[in-house]
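S.K.: what would the 3D arrangement of this be:
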Amino acid sequence: MSTSALTLSAIQEKGEQGGSLLDALISALIKPVQFSVDGETDKDGEFQENIVRILYTSMTSCNSAFSAVQKHSLCGFLGRMTMTQGEESLNFGLMGGEQEELGGAGSL
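M.R.: All right, here's what the predicted structure looks like:
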């Protein structure tokens with residue numbers, strides 16, 4: 001029994017404040033919250049990898065589609081990250097084919 005439909009419904013459902021879990025995940029990826037007493041906002045690579053994996057899985061296994069706003073936010077973030085990483089590989093824990101699948105085919 002697949003739980004894809006239930007999972008997709010849960011992450012896309014709008015909450016009391018108007019946003020969905022998917023919106024919150026994208027926001028957490030793009031604008032990390034301070035995670036130390038002194039206000040440090042350095043990016044947590046493992047946390048980012050987990051979010052990207054959730055986004056990839058929801059897109060591929062649950063046939064999730066990102067809204068235009070979500071696509072714009074993710075494209076902007078990934079573009080900025082690619083430019084700041086230079087030659088270093090920026091894969092967020094995804095394999096080559098998975099990277100292409102997430103970034104291509106009109107998904108982002």
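
S.K.: switch to C-alpha atoms for all contacts and neighbour counts from now on
M.R.: OK.

S.K.: please tell me how far the residue nearest in space to the middle of the chain sits from residue 91.
M.R.: Geometric centre of the chain, nearest residue: residue 52, 4.2 Å, by CA atoms, centre = their mean. Distance, residue 52 to residue 91, using CA to CA, to the nearest Å: 9 Å.

S.K.: kindly report the same for residue 19.
M.R.: Taken as CA to CA, the span from residue 19 to residue 91 is 27 Å.

S.K.: just to revisit the earlier point, name the helix or strand for the closest residue to the residue nearest to the centre of the chain other than its chain neighbours, please.
M.R.: Leaving aside its chain neighbours, residue 52 sits nearest to residue 92 (6.6 Å; criterion: CA to CA, 6 or more residues apart in numbering). Using DSSP states H and E, residue 92 sits within no helix or strand.

S.K.: just give me the neighbour total for residue 92.
M.R.: A count of nearby residues for residue 92, using other CA atoms under 10 Å, gives 16.

S.K.: please apply the same query to residue 33.
M.R.: When counting by other CA under 10 Å, one arrives at 14 neighbours for residue 33.

S.K.: the residue nearest to residue 52 and residue 48 touch, don't they?
M.R.: Yes: under the criterion of CA atoms under 8 Å, residue 92 makes contact with residue 48 at 6.9 Å.

S.K.: distance check, the residue nearest to residue 52 against residue 73.
M.R.: 17 Å.

S.K.: hmm, back to that, thought residue 95 was touching the residue nearest to the centre of the chain, still the case?
M.R.: No: with contact defined as CA under 8 Å, residue 52 does not reach residue 95; the gap is 11.9 Å.

S.K.: check which helix or strand the closest residue in space to residue 56 that isn't next to it in sequence maps to.
M.R.: Once flanking residues are discounted, residue 56 sits nearest to residue 102: 6.1 Å by CA to CA, 6+ apart. According to DSSP H and E, residue 102 maps onto helix 96-103.
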